[in-house]
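# fold the following for me, if possible:
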Amino acid sequence: MNGLAGRSAIVTGAGSGIGRATALRLAAEGARVLIADLDAEGAGAVEREIKGSGGEATSVVGDLGEAAVVEEVVSTAVGRFGRVDVLVNNAGIMDSFAAVADVTDAEWERLLRINLTAPFRLTRAVLPHMLAAGRGAIVNTASEAALRGSAAGAAYTAAKHGIVGLTRSLAVMYRGKGIRANAIAPGGTATGISVDIDAEAHGPSVVMGYAANIGRVAEADEQAAAIVFLASDAASNINGAILPVDNGWSAV
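Next comes the predicted model:
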């Protein structure tokens, strides 16, 4: 498995969950991987695991909601690997499932800053390098919440719908430049992401009413497999796609 040999990749939220599984899969395919995460311990563990298997990796720890951290991630990848061939915008946080009337400004701004603005800034930062190389693959982690209005709260739903729009805009704007942009839309997945909700509040009580349709909960590696496929040359003519990885939840 060396389908990405010689390529370099940035994976955000790579210290755990889908990001970790993606970083490990990319490394197994021969890619050099920059692990970006807020959790130093998790990022370090993944870096050591990749190196222990003979791969090449480095890590940057910080809050991607801060523009300076975004710049550090990209400059470190370019400085260490000389290029950025793949960007996986995976880092994200959940909301409290709050309905619009109950969303605070702080929750709204935090969700959009991490789940939408950070991917935008990272993409903007890597694009000059991809354009100079004449190729690149960007894979965003959207969500089942990007396909419907009943899988999370208002803030998370709006941010993930924004990811879909960002993905499609990139695909149209840069398809003539050798750059592809796609996204996966995970359904329920076993990860370490935390959810703090008041089950009695209006938003959670509505959303949980639709939870029966979620189906089987996926493993993080199942999401990672789809991400790595979209990043690879096997998906060379796939651009602007939003791929549900949800065991058919979006078809219900």
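# pretty sure Gly13 is touching Asp39, no?
No: counting by C-beta atoms under 8 Å, Gly13 stays clear of Asp39, with 9.3 Å between them. In this view, the C-beta of every residue, glycine as well, is placed from N, C-alpha and C.
# so how far is the first residue of stretch 130-137 from its last?
8 Å (C-alpha to C-alpha, to the nearest Å).
# let me see the ranges of the strands in the stretch 101-250 of the chain.
136-141, 179-186, 189-190, 218-219, 242-245 (DSSP state E, counting those that start in this stretch).
# thinking Ile93 is in contact with Leu111, fair?
Yes: using C-beta under 8 Å, Ile93 is in contact with Leu111, at 6.6 Å.
# who's more crowded, these two?
Ranked by neighbour count (other C-beta atoms under 10 Å), Ile93 and Leu111 place Leu111 first, with 26 against 19.
# count residues in the vicinity of the closest residue to that one other than its chain neighbours, would you?
Residue nearest to Leu111 in three dimensions, not counting chain neighbours: Ala155, with 3.9 Å by C-beta to C-beta, 6 or more residues apart in numbering. Look at Ala155: counted by other C-beta under 10 Å, it has 25 neighbours.
# quickly note the distance from Ala155 to Glu109.
9 Å (C-beta to C-beta, to the nearest Å).
# repeat for Ala226
From Ala226 to Glu109 the distance is 30 Å (C-beta to C-beta).
# now Glu72: closest residue in space, sequence neighbours ignored.
In space, Glu72 comes closest to Val60 once its chain neighbours are excluded; the distance is 5.6 Å by C-beta to C-beta, 6+ apart.
# helix or strand: which one has the one you found?
Per DSSP states H and E, Val60 falls inside strand 57-61.
# any idea which helix or strand comes after that strand?
Counting by DSSP H and E, the next helix or strand C-terminal to strand 57-61 is helix 67-81.
# what mean pLDDT does that following helix get?
Averaged over helix 67-81, pLDDT sits at 98.
# now do the contacts for Ser150.
By C-beta atoms under 8 Å, 6 or more residues apart in numbering, Ser150 lies in contact with Val206, Val207, Tyr210.
# most neighbours of all these, which one?
Val207 (20 neighbours).
# and the pLDDT for it?
Note on Val207: pLDDT of 90.
# where among the strands of the stretch 101-250 of the chain is average confidence lowest?
Among those, strand 189-190 scores lowest, with a mean of 92.
# listing partners with orientation, what would you give for that one?
Strand 189-190 has its sheet partners listed here by DSSP bridges as strand 218-219 (parallel).
# show me how far the partner strand is from its chain's centre.
A distance of 16 Å separates the centroid of the chain from that of strand 218-219, by C-alpha atoms, centre = their mean, to the nearest Å.
# so what touches it?
Ala21, Pro186, Gly187, Gly188, Thr189, Ala190, Val245, Asp246, Asn247.
# tell me the confidence at the spatially most central residue of the chain?
In the chain, the residue lying closest to the centroid (C-alpha atoms, centre = their mean) is Asn90, at 1.6 Å. Looking at Asn90, its pLDDT stands at 98.
# residue contacts, it?
Taking C-beta under 8 Å, 6+ apart, we find Asn90 in contact with Val11, Thr12, Gly13, Ala14, Ile18, Gly19, Thr22, Asn140, Thr141, Ile227.
# residues contacting the last one?
Taking C-beta under 8 Å, 6+ apart, we find Ile227 in contact with Ile18, Thr22, Arg25, Val88, Asn90, Val139, Thr141, Ile184.
# can you redo those as a markdown table with distance to Asp233?
Output for the contacts of Ile227, formatted as a markdown table (distance: C-beta to C-beta, whole Å):
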| residue | distance to Asp233 |
| --- | --- |
| Ile18 | 22 |
| Thr22 | 17 |
| Arg25 | 15 |
| Val88 | 16 |
| Asn90 | 21 |
| Val139 | 13 |
| Thr141 | 21 |
| Ile184 | 18 |
